[in-house]
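K.L.:
model this:
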Amino acid sequence: MNDDQLILLMKSNPHEGLLYAIDLYGGTVKWIILKMLGSCNSQDIEECMSDVFVKLWKNINNFDANRNISLKSYLYGIARHTAIDYLRKTKSHIDIIPIEENDIGFSIDFADQIAKETNSRILQEAVEALPEPDRNIFILRYYFQERINSIAESLSLSPKTIENKLYRGKKVLREALIERGIII
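P.N.:
Predicted structure coming up:
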């Protein structure tokens with residue numbers, strides 16, 4: 001069954017369409033969610049997975065196959081963003097997203113493990129302080145290793161805008177880290 005046939009099935013018979021989509025893509029969606037939610041319990045993983053497929057069903061009329069994106073990519077984007085939203089709802093801070101200094105191109109001299117943990121916490125707080133959508137762009141790019149074009153498409157921004165936000169955001173982060181005593 002191709003994307004067009006699955007979309008038609010989901011519109012004409014949502015129950016059957018969702019069952020087919022879950023059977024076809026459920027394993028990868030679960031893997032994406034597990035990668036992002038990490039140590040959450042299985043009930044949380046299943047709840048997030050259910051939310052992904054409900055969002056697919058509710059937004060199937062918004063899917064435009066002419067945008068050169070497959071239904072699979074569209075669904076995987078929903079999975080990533082739903083997991084990020086779930087993290088925001090269930091966690092009070094960003095410490096569950098382990099962004100390392102090297103992930104964003106900073107070279108920091110660590111004297112020992114305690115200093116590394118402290119620097120990592122400071123970096124995470126600095127990323128958390130970024131305004132939206134910059135914060136989301138940083139997380140998608142440097143934690144989830146998404147391509148710039150993919151981020152641009154998911155946020156309805158141009159790739160150049162994403163590049164500019166990443167460049168300016170790095171400058172802001174660099175200044176924030178220096179202010180907090182991290183030598184870059």
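
K.L.:
how about the helices in the protein?
P.N.:
Assigned by DSSP state H, the chain shows helices spanning 3-12, 14-37, 42-59, 71-90, 113-128, 134-138, 148-155, 159-179.

K.L.:
now do the buried residues in the longest one.
P.N.:
Buried positions in helix 14-37, judged by neighbour count with 16 or more other Cβ atoms under 10 Å: 17-18, 20-22, 25, 29-30, 32-34, 36-37. C-beta here means a position set from N, CA and C on the backbone, and glycine is covered the same way.

K.L.:
which one of those residues is nearest Y142?
P.N.:
M36 (13.9 Å; Cβ to Cβ).

K.L.:
ok, back up a step: can I get the buried residues of helix 14-37 in a markdown table including distance to Y167?
P.N.:
What follows is these, written out as a markdown table (distance: Cβ to Cβ, whole Å):
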| residue | distance to Y167 |
| --- | --- |
| G17 | 42 |
| L18 | 41 |
| Y20 | 43 |
| A21 | 38 |
| I22 | 40 |
| Y25 | 35 |
| V29 | 32 |
| K30 | 35 |
| I32 | 28 |
| I33 | 31 |
| L34 | 32 |
| M36 | 25 |
| L37 | 30 |
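
K.L.:
ok, so of the residues you listed, who is nearest R147?
P.N.:
The closest of the buried residues of helix 14-37, once distances to R147 are taken by Cβ to Cβ, is I32, at 15.3 Å.

K.L.:
now do the contacts for the residue nearest to that closest one when sequence neighbours are not counted.
P.N.:
The spatially closest residue to I32, leaving aside those adjacent along the chain, is A79, at 4.4 Å (Cβ to Cβ, 6 or more residues apart in numbering). Applying Cβ atoms under 8 Å, 6 or more residues apart in numbering to A79 gives the contacts 29, 32-33, 49, 52.

K.L.:
about what we covered before: could I get the helices of the chain as a markdown table with mean pLDDT?
P.N.:
Formatted as a markdown table, the helices of the chain follow (pLDDT from 0 to 100):
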| stretch | mean pLDDT |
| --- | --- |
| helix 3-12 | 87 |
| helix 14-37 | 87 |
| helix 42-59 | 89 |
| helix 71-90 | 81 |
| helix 113-128 | 72 |
| helix 134-138 | 87 |
| helix 148-155 | 88 |
| helix 159-179 | 87 |
